[in-house]
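Asker: Make a model of this:
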Amino acid sequence: MPAKNRKWHFGVLSFAGTGHLNPLIALAQELTSRGHQVTFFDKPKIGARVREAGLEFVPVGETAPIARREATTNHTRMRAELAQLRLNVTRICRELESFLEETPDALTRAGVNALLVDEIALTGPTVAELLGLPYFIVSITFPHLFGWEGSAWVSGYRHSNSWLSGLQGAFLELSVTRMRGPIRRTLEQYRKRAGLGKVSGIQNEYPCLAHITQMPKCLDLPNRLVPADFHYAGPFAWRSERPYVAFPWDQLDGRPMIYASLGTTRAVQPAIFRMIAEACCDLDVQLVISLGNRVAPDSLPDLPGRPIVVDYAPQLEVLKRAEIVITHGGSNTVFETLMEGKPMVTIPLAYDQPAVAARLARLGIAEVLPVMRLSAKRIQNAIKKVREERSYREAAQEIRMKLRAIRGVDMAVQILEGALRRYVLEKEARIRAERHETDPKQAQVREVRYISRTNRSSILTPSSRSQYRRL
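Answerer: Modelled structure (predicted):
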């Protein structure tokens, strides 16, 4: 089949968080609408969501032993914090080992011939190199290669007053985003057994075909130099179908709505939601709080002003009605809010959120509040400022117009298909060159050497090895 007409079977190595899953599902749905096949490979808990979106799903990572929480009854606070840090690192390493053990054979059995790798799916490039598959890195948020400027450790945005909690957050960010410490060692050990080189050499020895970010260029810092294979796109998930979520629409009373969502991945202190409610109760607004299933509604009784409180909200619909959005700065909520042209009050908690907030503040779209100095009065003053000064809404509307013109998911698919066309043409050119330079007997010897070099027999299953020979 000509390269331009070829249809691919994409395997998606994702992350279970909603902010990662929704954009990747939207990208996968666009690929299937163009005739490609897409299968997600991840923990079983997201299987229903993926299948509900009309996509294929294969569970992996099921063999990871569960890291048990150590009893902390007699521990000092320091010992408890250190035990929690050790538990988190151990859990991540065990999950990596499980995914590395299960994913290669699962991909082979499914017949996948190209990979879409979420940037924080750390096993992705190694699995792609092992199987000899072309792959793409997809950044749902601001790419790690840029550095998360204004990180939780150095900016004062830490979620807890405990310096040990701050240290734990900094260590986990360094381990995951910069691939240092035990997590890196786990990958290095596997790669050594598989006959692969160091992790640091992946981009030279087996680079991705393209690195695509959901972040639009207009939101990034100006005049940034990026690698040739790096591409800005734009939000993927806008207008994508979502599962039905019940919501008490009849309780909306016509007052201007303020929507507060602090994400679904990280646990949030109930006190923050109470401060938000206190900040809004003296204003002529109606507050809607989405807990993201991270806080039990029972832990928030009798909030001031009697806001509407739900586990989940149908976010795309609620955003259309909101006047202002209070957010933690997670990319999913931020991009969807920008697509509706709504200004924000941002309370970054961890990870990339301070970097997101810094960019929103630079463009005049949001007021940013450090969580360590948070109070109901500070939140109220920020809400008043964003409501009263037209510049915030005008800046948000300007970005909205730019993002809707970009059509990020279309741009991302065009990049994927174009890169794969070039990949096929270059591969065919190499094969023709080898056939021209060698006689049939030499070509056969070369092919046998190639297969033996890529089989990695100490790691691969028999079914995987036979698949490589067919490739």
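
Asker: When you work out contacts or count neighbours from here on, use the C-alpha atoms and nothing else.
Answerer: Will do.

Asker: Could you list the low-confidence segments of the protein?
Answerer: 1-4, 63-82, 84-85, 145-180, 238-241, 264-267, 294, 437-471 (pLDDT under 70).

Asker: in it, which spans are strands?
Answerer: Applying DSSP state E to the chain gives strands spanning 9-13, 37-42, 56-59, 114-118, 135-139, 210-213, 230-232, 257-261, 286-290, 308-310, 322-327, 344-346, 366-368.

Asker: what lines up beside the first one in the sheet?
Answerer: Right, strand 9-13. With DSSP bridges as the test, strand 9-13 is paired with strand 37-42 (parallel), strand 114-118 (parallel).

Asker: Could you chop the chain up by domain?
Answerer: 3-141+178-239+408-442, 249-406 (automatic domain parsing).

Asker: Point out the most buried one among those domains.
Answerer: Sort the domains of the chain by mean neighbour count, taking mean count of other CA atoms under 10 Å, and domain 249-406 sits at the top with a mean of 19.

Asker: can you tell me the distance between the two ends of that domain?
Answerer: Start and end residues of domain 249-406 are separated by 32 Å (CA to CA, to the nearest Å).

Asker: what does stretch 329-346 give?
Answerer: 6 Å.

Asker: Kindly report the same for stretch 362-372.
Answerer: End-to-end distance (CA to CA), stretch 362-372: 21 Å.

Asker: Out of the strands of the chain, which gets nearest to Gly181?
Answerer: The closest of the strands of the chain to Gly181 is strand 114-118. By CA to CA, the value is 20.8 Å.

Asker: Excluding its own residues, what touches the closest one? List them.
Answerer: Applying CA atoms under 8 Å, 6 or more residues apart in numbering, the contact partners of strand 114-118 are 8-15, 20, 124-125, 128, 133-140.

Asker: I figured Val50 was touching Phe57, is that so?
Answerer: Yes - using CA atoms under 8 Å, Val50 is in contact with Phe57, at 6.6 Å.

Asker: shared neighbours, these two?
Answerer: Phe40.

Asker: Kindly reformat the strands of the chain as CSV containing distance to Arg435.
Answerer: What follows is these, written out as CSV (distance: least, CA to CA, whole Å):
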stretch, distance to Arg435
strand 9-13, 28
strand 37-42, 32
strand 56-59, 38
strand 114-118, 25
strand 135-139, 26
strand 210-213, 29
strand 230-232, 33
strand 257-261, 60
strand 286-290, 62
strand 308-310, 65
strand 322-327, 59
strand 344-346, 60
strand 366-368, 60
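
Asker: where's Ala313 relative to Thr346, distance?
Answerer: Distance from Ala313 to Thr346, by CA to CA: 19 Å.

Asker: Likewise for Pro207?
Answerer: For Pro207, the distance to Thr346 - CA to CA - is 36 Å.

Asker: before we move on, what about Thr123?
Answerer: Distance, Thr123 to Thr346, using CA to CA: 32 Å.

Asker: Ok, Val112 next?
Answerer: 40 Å.

Asker: Ok, Arg387 next?
Answerer: 14 Å.

Asker: ditto for Arg321
Answerer: Distance from Arg321 to Thr346, by CA to CA: 19 Å.

Asker: gap between stretch 371-386 and the chain center?
Answerer: On the basis of CA atoms, centre = their mean, to the nearest Å, stretch 371-386 sits 28 Å off its chain's mean C-alpha point.
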